[in-house]
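Engineer: Please find the sequence and the predicted model below.
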Amino acid sequence: MNEIVVISGKGGTGKTSVTAAFAALAHRAVLVDCDVDAADLHLVLSPTVEETHDFFGGRHARIIPARCRACGACAERCQFAAIRQHADSGYRVDRLACEGCGVCAHFCPHGAMVFEETCNGQWFRSSMRFGPLVHARLGIAEANSGKLVALIRREARKIAVATDAALLLVDGPPGIGCPVISSLTGADHVVIVTEPTIAGRHDLQRVIALTAYCHLPAGIIINKADLYPEGTEEIMRYALARKVAVLGCIPYDPVITQAQLVGKSVIEYTDGPVSQALREIWDRLLSFQRKE
C-alpha cells in the first residue's frame, strides 16, 4: 500500500480539488481528510456517514462550587487568565481561554478543581462513490488537531489493510504546523499544490524545506499556472535548484468551481483542459512512484 499526501503552503491553492480528482482517477483507494480545522473534501465527495466517534484529545479545568473556598490560588497561578472571580458566583473557568496545563488543579488546596478529559470534536468513517473516507471535525476554538490527524490516519490505515487497498490518499492541511507534520509522518510521497503568486512561492519554499527535513520525496503541481507565466517559471527554476520534481501545471478555469457547486470532482464534470492536465499529472506521479 502506498500513501500519497497532498498538501499546500497556504490555503486556497486548489489542494482539495486536486485530491478529489486523484480520488476519481485512483483504484482501490482509501481517502482521509486531515484538514480537520476546515475539512471540506466531503463537500465534493458527498459521503454517507457510517460511524461517528467523539474525539477526546485534551483536558480542561472545571471548578466544583461546593468545594471552592474562593482562596484565589488557582487564579494566581493561571498564566492564561482563564480563571476569573465573579461577584455573584465565585471563581469560574473560561473554557476557551483554558490551555489545559493542569496547574490550577495541582495547586488547589481544597480539591475543588477537576482536570478532566473533554470532547474536542468528532471523527467519521464514511463511504462514498470512490471508496472509504475517514474525516473529522474539530470543535470551535479547540486545539490538539495534530492528535486528531494522527488518529484518523491510523483508522484509515486499518481500513486500507482490511480491504487490501492499493493506495491511501490523504488530503492534508495547509501550512507547516503540527497537523501538517502529523499528516506527513510515514508517507510514501508528498504532492505540493502551489500557485504562481508571491505568497504561494514563499509558502512553497517553507513546505519544501519541511519535506526535505522529513526526508520525504515530493513533487509540485502549479495551479492556475497561466495567470502569471513569469511566476510559474520562477517556481520551476526554484524546484530545479532544489531537485524537486514539477509534476505538471493546471490552467485556470472556472469549471473547477462549477464542479464543486454540483458536488463533483472536475474529472467527473468535464474532460476539458483541466481534467487532461490532471490525468497527465496523475500518470506522472505514478511513474515517479514506480521508479522509487
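Structural biologist: Cool, the structure landed.
Engineer: Keeping just the C-alphas, turn stretch 90-107 into CSV.
Structural biologist: Extracted C-alpha coordinates of stretch 90-107, given in CSV (Å, rounded to 0.1, in the frame of the first residue of the first chain):
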residue,chain,number,x,y,z
GLY,A,90,-17.2,33.0,42.9
TYR,A,91,-14.5,31.8,40.6
ARG,A,92,-15.2,30.4,37.1
VAL,A,93,-13.0,28.8,34.4
ASP,A,94,-13.2,30.4,30.9
ARG,A,95,-13.1,27.2,28.8
LEU,A,96,-12.0,29.0,25.7
ALA,A,97,-9.0,30.5,27.5
CYS,A,98,-8.0,27.4,29.4
GLU,A,99,-5.0,25.7,27.8
GLY,A,100,-5.3,22.5,29.8
CYS,A,101,-2.0,22.8,31.6
GLY,A,102,-3.4,21.5,34.9
VAL,A,103,-1.5,23.9,37.2
CYS,A,104,-4.7,25.0,38.9
ALA,A,105,-5.8,21.5,39.7
HIS,A,106,-2.3,20.7,41.1
PHE,A,107,-2.2,23.7,43.5
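Engineer: Strands of the stretch 51-200 of the chain, start to end?
Structural biologist: In order along the chain, the stretch 51-200 of the chain carries the following strands (DSSP state E, counting those that start in this stretch): 83-86, 90-93, 113-128, 131-138, 167-174, 189-194.
Engineer: Take these and lay them out in TSV including mean pLDDT, mean neighbour count and distance to Ser287.
Structural biologist: Yep, even glycine has a C-beta here, placed from its N, CA and C like the rest. Output for the strands of the stretch 51-200 of the chain, formatted as TSV (pLDDT from 0 to 100; neighbours: other Cβ atoms under 10 Å; distance: least, Cβ to Cβ, whole Å):
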stretch	mean pLDDT	mean neighbour count	distance to Ser287
strand 83-86	89	13	58
strand 90-93	90	18	56
strand 113-128	93	18	27
strand 131-138	95	24	23
strand 167-174	95	26	15
strand 189-194	97	26	12
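Engineer: Tell me which of those sits nearest to Val6.
Structural biologist: With respect to Val6, and counting by Cβ to Cβ, the nearest of these is strand 189-194 at 4.6 Å.
Engineer: Name every strand pairing with the closest one and say which way it goes.
Structural biologist: Applying DSSP bridges, strand 189-194 is found paired with strand 2-8 (parallel), strand 218-223 (parallel).
Engineer: Can you name the residues in contact with it?
Structural biologist: Contacts made with strand 189-194 from outside it, assessed by Cβ atoms under 8 Å, 6 or more residues apart in numbering, are listed as 2-9, 13-15, 18, 184, 200-201, 203-204, 207-208, 211, 216-223, 235, 247, 285, 288-289, 292.
Engineer: Show me how to select, in PyMOL, the buried members of these.
Structural biologist: In PyMOL syntax, the buried subset of these is picked out as below (16 or more other Cβ atoms under 10 Å):
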select buried, resi 2+3+4+5+6+7+8+9+13+14+15+18+184+200+201+203+204+207+208+211+216+218+219+220+221+222+223+235+247+285
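Engineer: ok, back up a step: would you format the strands of the stretch 51-200 of the chain as TSV with distance to Arg153 included?
Structural biologist: Written out in TSV, the entries for the strands of the stretch 51-200 of the chain read as follows (distance: least, Cβ to Cβ, whole Å):
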stretch	distance to Arg153
strand 83-86	35
strand 90-93	32
strand 113-128	11
strand 131-138	8
strand 167-174	7
strand 189-194	14
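Engineer: Out of these, which gets nearest to Leu151?
Structural biologist: Taking Cβ to Cβ as the criterion, Leu151 comes closest to strand 113-128 out of the strands of the stretch 51-200 of the chain, the separation being 6.5 Å.
Engineer: any idea how far the closest one is from the chain center?
Structural biologist: Distance, stretch centre to chain centre, for strand 113-128: 16 Å (Cα atoms, centre = their mean, to the nearest Å).
Engineer: Could you list the paired strands of it along with their orientation?
Structural biologist: The partner list of strand 113-128 in its sheet, established with DSSP bridges, is strand 48-63 (antiparallel), strand 131-138 (antiparallel).
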